[in-house]
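Asks: with the input below, show me the fold.
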Amino acid sequence: MKKVLFISLVLISCIILIQARPCNGAENPDFVFVRAVTDQTGPVFITRGDKKYPLLEKIETPDTKTIEITRLLDTGISKTSLKIGQYAKNFMHYRIAGGGSGGTAEIYLEPLYIYAKKGGNRPQQGFYLRENGREIDKTFTYYIEMPPDPVQFETIFAHENGHLIDYYLGDVKFKKQPARFVHTAPAVTDYATAYIEGWGIHFETMMADLTPSARARSLYTFDGAKDNAYFLYSQDLMNLAHKSKRYSWVKANLFAFQRFYKPCPGETAETSIKNFVYNWMNSDFDSGAIKNAQQLMSSEGVAASFFYRLVNDPAIQKRYRAKEFYAPFLKEGAGPADPSELFTPLENAYLKIFYAKNALSDNYSKNKIESAGPLLLDFAAQYMKSFPEDSTDVLIHFYMTTYFTTVLKDAATLYRDLDTGAHFTLCDPELSKTRIQEALKKIQNVFKESGATKEISTQYLGEPLWIQNDKFDIGEKDSPMTLSLNLNSAEKFELVTIPGMRGELADKFLALREKSVFFKSIDEIGETKVFVPAMIDELKRMQAVYENRK
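Replies: Below you'll find the model as predicted:
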């Protein structure tokens with residue numbers, strides 16, 4: 001009887017937890033579990049205009065997995081993610097209600113709807129909610145699709161909720177660009193993808209740091225793999241390797257290094273789709289060769305490293321602002337008290353990031369910028385402007401994460417020399433000593449100059465030079481997807497997809513690009529004489545195709 005009573009009390013308490021919970025300042029945030037309404041044909045959708053919205057309903061009686069997920073939402077980075085998500089909504093409601101921003105304030109009064117869906121791993125907007133026999137219009141409301149398995153849920157919840165937070169903060173609505181294929185941490189993509197996905201990835205690294213679940217952590221660290229029959233847990237070897245890189249490689253900033261070009265095993269054609277995909281996912285790096293500045297700004301792995309370092313910096317965490325700064329992050333009626341009593345140091349770091357993200361979004365909107373600039377750099381600059389007291393710390397993190405490539409023309413050569421010197425430390429210590437001293441002098445000058453101006457130098461960033469290789473289709477049979485690439489950041493495996501551009505010619509181009517830092521135009525590339533006039537004409541044609549497709 002006692003056992004039955006205990007189970008009943010647990011179920012009742014979990015049902016209460018699953019319903020929307022009040023949030024006042026640092027209290028637990030609102031969240032509601034929902035599921036699809038189904039009929040004999042499957043999930044039900046409601047059409048409105050030219051769009052179909054899923055019909056969802058609240059989960060009134062939780063099952064074992066839902067109960068377990070509810071518990072884990074009160075631990076680790078999942079708990080932090082829920083709280084900071086609520087703070088972001090409070091902040092936006094405050095701004096919109098006060099006339100400081102456009103948008104619909106009611107959106108931010110909604111709880112977080114968590115749609116338990118097999119295979120779910122993304123934020124969405126718009127659904128209908130069936131409640132008490134009525135279908136309530138929630139087409140303006142954000143929700144998040146999450147897998148019902150507790151371990152899978154925990155590993156990606158903070159990542160996807162991080163994307164929702166970006167939506168809350170009114171992240172700039174980027175003009176849709178031609179496809180860059182599937183995003184992945186090792187790849188060089190574009191400024192917007194790197195910034196958005198790097199932000200999401202850093203939450204996975206935080207999850208592995210903070211989770212109390214050995215099972216969830218082991219997916220990223222391999223801890224206890226043998227004892228837990230790890231390789232039997234519905235993961236393949238590629239997934240395991242990929243997740244481990246989102247932990248140890250993000251922490252070590254290994255995505256900052258260039259990749260080796262590797263012909264796909266069994267493929268004879270450099271221009272094959274298999275060769276492209278193989279190298280797109282390739283994570284074999286040259287530890288002595290750093291990416292160029294545009295590649296670093298276009299790497300989600302590098303962006304993840306920067307965000308991870310920022311939120312874990314003790315100085316940034318513990319440097320609280322005046323209590324007035326925090327009032328917008330609290331719900332109405334929650335008078336600002338001592339901020340250090342309301343917000344943990346980690347939450348404090350995130351709130352400052354939120355403020356800077358929102359300010360950056362406003363700046364982009366006001367300046368009517370239709371396509372994103374180097375977002376990671378722009379964010380760092382905005383953060384430094386918003387929080388001058390943190391500017392030195394942010395400057396150090398940015399330059400260290402990007403290896404000074406935006407400010408030193410010879411950054412790649414400098415690092416390669418240091419790497420070479422390290423190899424000869426024992427047999428030629430003077431070589432290593434001399435190179436370290438030269439590098440240290442240059443770095444000190446960078447910090448001296450940037451510290452005086454409190455600005456990040458973009459002297460050697462250059463501008464992207466995009467083309468659309470419409471001769472290379474990476475899509476499905478009925479869904480063509482041609483390849484867009486930035487000639488200033490493209491890797492060898494991308495370049496060889498251009499008709500007439502084979503391996504040796506691509507190598508010559510890359511050597512010239514490294515020497516000149518970046519090309520300002522295709523005409524400037526033509527002046528190098530590395531390509532015949534017919535190929536320069538073809539590159540110009542592809543540039544025009546790209547511009548017309550934007």
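Asks: pLDDT weak spots in the stretch 251-400 of the chain?
Replies: 332-336, 365-372 (pLDDT under 70).
Asks: hmm, 90 instead?
Replies: 262-273, 277-278, 280-284, 287, 331-338, 361-373 (pLDDT under 90).
Asks: before we move on, what about the stretch 401-550 of the chain?
Replies: In the stretch 401-550 of the chain, residues with pLDDT under 90: 409-455, 457, 459, 472-483, 502-503, 514-517, 547-550.
Asks: that one: strands as residue ranges?
Replies: Applying DSSP state E, counting those that start in this stretch to the stretch 401-550 of the chain gives strands spanning 466-473, 482-486.
Asks: ranking those by burial, who's on top?
Replies: strand 482-486 (a mean of 23; mean count of other C-beta atoms under 10 Å). (Glycine included, C-beta is placed from N, CA and C.)
Asks: ok, and the closest non-adjacent residue to Leu465?
Replies: Leu487 (4.3 Å; C-beta to C-beta, 6 or more residues apart in numbering).
Asks: can you report phi and psi for that neighbour?
Replies: phi -60, psi -20 (degrees, to the nearest 10).
Asks: quick one: it and Phe519 touch, right?
Replies: Yes - counting by C-beta atoms under 8 Å, Leu487 touches Phe519, with 6.5 Å between them.
Asks: identify the contacts common to those two.
Replies: Shared contacts of Leu487 and Phe519, defined by C-beta atoms under 8 Å, 6 or more residues apart in numbering, are found at Leu465, Arg513, Ile525.
Asks: burial check on the first one, number of neighbours?
Replies: Neighbourhood size, Leu465 [other C-beta atoms under 10 Å]: 23.
Asks: other residues contacting the longest helix seen in the chain?
Replies: In the chain, with assignment by DSSP state H, the single longest helix is helix 429-453. For helix 429-453, contacts defined as C-beta under 8 Å, 6+ apart pick out 392, 395-396, 399, 404, 407-408, 414, 417-418, 420-422, 424-425, 456-457.
Asks: same thing but at 10 Å, please
Replies: 384, 391-392, 395-396, 398-400, 404, 406-408, 410-411, 414-415, 417-426, 428, 455-457 (C-beta atoms under 10 Å, 6 or more residues apart in numbering).
Asks: nearest spatial neighbour of Asn292, skipping sequence neighbours?
Replies: Once flanking residues are discounted, Asn292 sits nearest to Thr405: 6.2 Å by C-beta to C-beta, 6+ apart.
Asks: if I look at that neighbour, how far off is Ser218?
Replies: Here Thr405 is placed at a distance of 35 Å from Ser218 (C-beta to C-beta, to the nearest Å).
Asks: now do stretch 479-498: distance to the chain's middle.
Replies: On the basis of C-alpha atoms, centre = their mean, to the nearest Å, stretch 479-498 sits 22 Å off its chain's mean C-alpha point.
Asks: settle it for me: which of Leu487 and Phe519 has more neighbours?
Replies: Leu487 (23 against 20).
Asks: wait, the more buried one touches Ile536, no?
Replies: No - contact criterion C-beta atoms under 10 Å: Leu487 and Ile536 do not qualify, at 11.5 Å.
Asks: next, show the common contact partners of those two.
Replies: Joint contacts of Leu487 and Ile536 (C-beta under 10 Å, 6+ apart) are Ile522, Ile525.
Asks: would you turn the strands of the stretch 401-550 of the chain into JSON lines with distance to Ala544?
Replies: Shown next, in JSON lines, are those (distance: least, C-beta to C-beta, whole Å):
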{"stretch": "strand 466-473", "distance to Ala544": "9"}
{"stretch": "strand 482-486", "distance to Ala544": "13"}
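Asks: so which of the ones you listed gets nearest Phe127?
Replies: strand 482-486 (32.4 Å; C-beta to C-beta).
Asks: so which residues of the chain form strands?
Replies: 31-36, 38-39, 42-43, 45-48, 51-58, 112-116, 122-131, 134-146, 257-259, 285-290, 466-473, 482-486 (DSSP state E).
Asks: who does the fifth one pair up with?
Replies: Here strand 51-58 is paired, per DSSP bridges, with strand 31-36 (antiparallel), strand 45-48 (antiparallel), strand 122-131 (parallel).
Asks: now the angle from that strand to strand 112-116?
Replies: 90 degrees (axes from the mean of the first three to the mean of the last three C-alpha atoms, to 10 degrees).
Asks: angle of strand 51-58 against strand 134-146?
Replies: 90 degrees.
Asks: residue contacts, Thr425?
Replies: Leu431, Ser432, Lys433, Ile436.
Asks: ok, of those residues, which one's closest to Thr41?
Replies: Out of the contacts of Thr425, the member with the shortest distance to Thr41 (by C-beta to C-beta) is Ile436, at 68.9 Å.
Asks: for that closest one, grab the count of nearby residues.
Replies: By other C-beta under 10 Å, the residues close to Ile436 number 15.
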